[in-house]
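S.K.: Based on what follows, work out the 3D shape:
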Amino acid sequence: MHKVLIVDDSKLARMVMASAFRRIRPDWTLVETSNADEALAAVSGDAVDVALIDFNMPGIDGLELVANIRKTHPNMPVAVVSANVQNEIIGRARELNAGFIPKPLTDESLAAFLSGAALRLKKSPT
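M.R.: Here you go, the predicted model:
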């Protein structure tokens, strides 16, 4: 059983992601946060295995949040989820060893990321 963190300042966006997530991986646990501070607290205080992070948030953006998570969890499967599909953002996500999922989120794109995440979690010693 894996625990997935969803970080998005939009309650509607979190609901859409959570709904898709529950269709794809109903046996996994979901944790929702609305900003970077809550997300960092969840990652440090709890055994979060995977993170789905919105790019546009107040305070620090999704890429800065990924960089902070990488300091303590270098191998955690992470994806930046954003409607802001620019090569620069996708490139920066890849530099941080993070995936990129475009919004609007589809079950297919989320399923593909979660399948890869599940494989990585099986291989990595935790």
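S.K.: wait, doesn't residue 52 sit right on residue 7?
M.R.: Yes: contact criterion CB atoms under 8 Å: residue 52 and residue 7 qualify, at 7.0 Å. Every residue, glycine included, has its C-beta placed from N, CA and C.
S.K.: Output the below-cut-off pLDDT ranges for this structure.
M.R.: Counting by pLDDT under 70, the chain contains low-confidence ranges at 124-126.
S.K.: Next, the most centrally placed residue in the chain: secondary structure please.
M.R.: Centroid check for the chain by CA atoms, centre = their mean gives residue 52 as the closest residue, at 1.4 Å. Classification of residue 52 by DSSP: H, G, I helix; E, B strand; the rest coil places it in strand.
S.K.: Could the C-alpha coordinates of the helix or strand that residue 6 is a member of be exported in CSV?
M.R.: Taking DSSP states H and E as the criterion, residue 6 maps to strand 3-7. Only the C-alpha atoms of strand 3-7 are listed here, as CSV (Å, rounded to 0.1, in the frame of the first residue of the first chain):
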residue,chain,number,x,y,z
LYS,A,3,0.6,6.8,0.2
VAL,A,4,0.3,9.6,-2.4
LEU,A,5,0.4,13.3,-1.7
ILE,A,6,-1.6,15.7,-3.8
VAL,A,7,-0.6,19.4,-3.5
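S.K.: angle of the helix or strand that comes right after that strand against strand 3-7?
M.R.: Downstream of strand 3-7, the first helix or strand assigned by DSSP H and E is helix 11-24. Angle, helix 11-24 to strand 3-7, by axes from the mean of the first three to the mean of the last three CA atoms, to 10 degrees: 160 degrees.
S.K.: Just the residues contacting helix 11-24, thanks.
M.R.: 4, 6, 8, 28, 30, 32, 34, 52, 54, 81, 103-107, 110-111, 114 (CB atoms under 8 Å, 6 or more residues apart in numbering).
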